[in-house]
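Colleague: the sequence isn't on hand, but the structure is:
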């Protein structure tokens, strides 16, 4: 074939291809991958966890990493970067290239931390692109069995009749357990003395002995003590009842509509990560967490599966950030 004939055929083929593409329905063309997501991922996916290995956040991260590795045919690893109240991990991911290959496991404290620092190193609303709120560790409000109250309203009445005599424990200043207690104080209009401890295991002896009067903490660590009668569960602090405690009302039901304290486990990427990459990750993660096996493994560690769109998770982060800012201000907690 002569060169001129070959070039004519090539031009005709290109024209036909163009006509064929333009004749596709608009919806079909919209489904084609855009340039930024085409070829993603092209290197190792890294999920950064702001805690040491072994906790709920770490377990969720490793489940997601394994699922992404299988579905995207690309190596996915978990990297633990504890320290600084999570700031080391948060700052690291915020400054990472916005290409979808570095993600952060964002716990409840993610939206609390900046309110507790004079010089925050990150902003959870502006420095990250939300992907999916994949799970939640339900919290429950408990009192020692020796305290003569059986309902939230009875606890509030006792606190009002003896201001500053009842106390609540936490696992440290600025933690979800602390701010959850402060939110309860604010909504109930009661005075409670805050007693911080170094971790949940340190809280329990004083709680069981009645040296502190109330604690809001993760149900997975408190459930055995509730079941054996050592602690009394007054209310779940999630918006829906906890499956393992179906007879325990939520605080939203019992006293304060909309009251919510939990330990959400979500995935975010650096801000400016292309929206099509975020959508790809959201879709893949959604498929992973929808499997029966994922639900079963989460149930074993007391974690509820959630799953959201990026937009819904963005609203969750924004609302939580605003809520905890008000709680910190109302409680008079001074940034350090």
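Modeller: All right, it came through fine. A quick note: this is a predicted structure, and the numbers were derived from the prediction, not measured. Numbers count the residues shown, from 1 in each chain.
Colleague: next secondary structure after the one helix or strand in the chain whose mean pLDDT sits lowest?
Modeller: Least confident helix or strand, the chain: helix 26-30 with a mean of 36, by mean pLDDT, DSSP states H and E. Per DSSP states H and E, helix 26-30 leads on to strand 45-49 as the next helix or strand towards the C-terminus.
Colleague: which of the residues in the helix or strand that that next one is followed by are buried?
Modeller: Per DSSP H and E, strand 45-49 leads on to helix 56-72 as the next helix or strand towards the C-terminus. Going by neighbour count (16 or more other Cβ atoms under 10 Å), the buried part of helix 56-72 is 56-65, 67-69. All C-beta atoms are positioned from the backbone trio N, CA, C, and that covers glycine.
Colleague: swap in stretch 177-190?
Modeller: For stretch 177-190, burial by neighbour count (16+ other Cβ under 10 Å) applies to 177, 178, 179, 180, 181, 182, 183, 184, 185, 187, 188, 190.
Colleague: quick one: mean pLDDT over it.
Modeller: Average pLDDT, stretch 177-190: 95.
Colleague: backbone dihedrals for residue 169, please?
Modeller: When read as degrees, to the nearest 10, the backbone of residue 169 gives phi -100, psi 160.
Colleague: how about residue 208?
Modeller: The phi/psi pair for residue 208 (degrees, to the nearest 10) is phi -70, psi -30.
Colleague: that one: neighbouring residues, count only.
Modeller: Neighbour count of residue 208, defined by other Cβ atoms under 10 Å: 15.
Colleague: for it, what are its contacts?
Modeller: Counting by Cβ atoms under 8 Å, 6 or more residues apart in numbering, residue 208 touches 144, 225, 230, 231.
Colleague: which residues in this structure form helices?
Modeller: Using DSSP state H, the helices of the chain run over residues 3-22, 26-30, 56-72, 87-94, 152-161, 176-188, 200-208, 219-227, 251-254, 275-289, 292-300, 310-331.
Colleague: quick check: residue 260 touching residue 236?
Modeller: No: Residue 260 is beyond contact range of residue 236, at 9.8 Å (criterion: Cβ atoms under 8 Å).
Colleague: any stretches of the chain with poor pLDDT?
Modeller: The chain contains residues with pLDDT under 70 at 1-38.
Colleague: output the longest strand belonging to it.
Modeller: strand 128-144 (DSSP state E).
Colleague: okay, and the beta partners of residue 304?
Modeller: residue 136 (DSSP bridges).
Colleague: fine by me, we can end here.
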